[in-house]
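**Q** fold the following and give me the result.
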Amino acid sequence: MALIGEVALRQHAAVGGEVLREQIDNLTEIIENSAEISIRILPITSGAPSCGPATILRFADASSLGAVYLPGLSGVVCLAGQQDVTSYTRVFEHLKAFALSTTDTARLLRGLAGS
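**A** Here you go, the predicted structure:
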């Protein structure tokens, strides 16, 4: 599952309006047509705490293994300790509670693409 902050979808300066619309259309298509990929938006009004990007890697067949990938301006940090993975997973689960449903995410994306 991917969580995307709504603010990131409203920043036109980096890529331009047309490119952003194409990206939003692609996200909407994934949400509406993929059973394997889940994308939800953290709305601006949710009150969710702001945090940077993170990727949590977990393995179904080896639950004691995992890593957290944190990109940064001067490189990346990869945390492989079980306590770190557990902490980031807990935060992710907390943020999911603030996220829009899949249906509401698709609705918001369609609205953004039309604007």
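**Q** point out where the chain drops to low pLDDT.
**A** 12-16, 115 (pLDDT under 70).
**Q** for residue 44, what are its contacts?
**A** The contact partners of residue 44, taken as C-beta atoms under 8 Å, 6 or more residues apart in numbering, are 5-7, 10. C-betas here are computed from N, CA, C, even on glycine.
**Q** can you get me a residue count around residue 19?
**A** 11 (other C-beta atoms under 10 Å).
**Q** what about it, which helix or strand?
**A** Element membership for residue 19, per DSSP states H and E: helix 17-33.
**Q** outline the domain layout of the protein.
**A** 1-45+100-115, 49-97 (automatic domain parsing).
**Q** deepest of those domains, which one?
**A** Across those, averaging neighbours per residue (mean count of other C-beta atoms under 10 Å) puts domain 1-45+100-115 on top, at a mean of 14.
**Q** ok but residue 63 is inside a helix, no?
**A** No. According to DSSP: H, G, I helix; E, B strand; the rest coil, the state of residue 63 is coil, so it is not within a helix.
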